[in-house]
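1. what's the 3D shape of this:
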Amino acid sequence: MTVVTLVLGGTQDARERAIATAIPKNFLCAAIIEGLPSGINALDQLAPELDLEVARVAPGCPCCTGNLTVRVTLNRLLKRTPQQLYLSLLDATHRESVLAFLQEPQYRDRLVIGPDLRCE
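-> Here you go, the predicted structure:
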């Protein structure tokens, strides 16, 4: 099972710094980030020995504008069965809709929803 952490609030840079700080060592991890970085970001600075796969999708809410893109990206990342998945949300007001999407039948036996990671 993959534990999913929704990363909410703050700027994109703040959410990426929060993910970089939270990644457990010796875990296979993945992150889905909305949009392109605004320069050198915290995830690019992580030590190469960490097993982290970062996927960037077009800006927008996974339950609205990027639904198909996020589903394809999520399915591709889940093939490696990461222990931890971080899903950065541009708009935290859609949290409940994203949780409903992650609890659909095709993900129910593969994902466990963990605590949110909130940024300032």
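
2. quick one, helices of this protein?
-> Using DSSP state H, the helices found in the chain span residues 12-22, 67-78, 95-102, 105-108.

3. work out which residue lies at the spatial centre of this protein.
-> The centre of the chain sits closest to L87, judged by CA atoms, centre = their mean, with a distance of 2.0 Å.

4. how much space between that residue and F101?
-> Applying CB to CB, to the nearest Å, the value for L87 to F101 is 10 Å. Using the backbone N, CA and C atoms, a C-beta is placed for each residue, glycine as well.

5. again, but for R110
-> Taking CB to CB, one finds R110 at 13 Å from F101.

6. so the two - more neighbours on which side?
-> A side-by-side neighbour count of R110 and F101, using other CB atoms under 10 Å, places F101 first with 18 against 15.

7. let me see the contact set for L77.
-> L77 makes contact with 30, 32, 53, 55, 85 under the criterion CB atoms under 8 Å, 6 or more residues apart in numbering.

8. recalculate using a threshold of 10 Å.
-> 2, 29-32, 53-55, 85 (CB atoms under 10 Å, 6 or more residues apart in numbering).

9. just flag the most distant two among those.
-> T2 and V54 (15.3 Å; CB to CB).

10. pLDDT score assigned to the residue nearest to L99 when sequence neighbours are not counted?
-> Using CB to CB, 6 or more residues apart in numbering and skipping residues adjacent in sequence, the residue nearest L99 is I113, 6.3 Å away. Confidence at I113, expressed as pLDDT, is 96.

11. ok, back up a step: shared neighbours, R110 and F101?
-> L74.

12. burial of the nearest residue to T21 once chain neighbours are set aside, as a residue count?
-> Distances taken as CB to CB, 6+ apart place A42 nearest to T21, at 7.8 Å, with adjacent residues excluded. Burial measure for A42: 16 neighbouring residues, criterion other CB under 10 Å.
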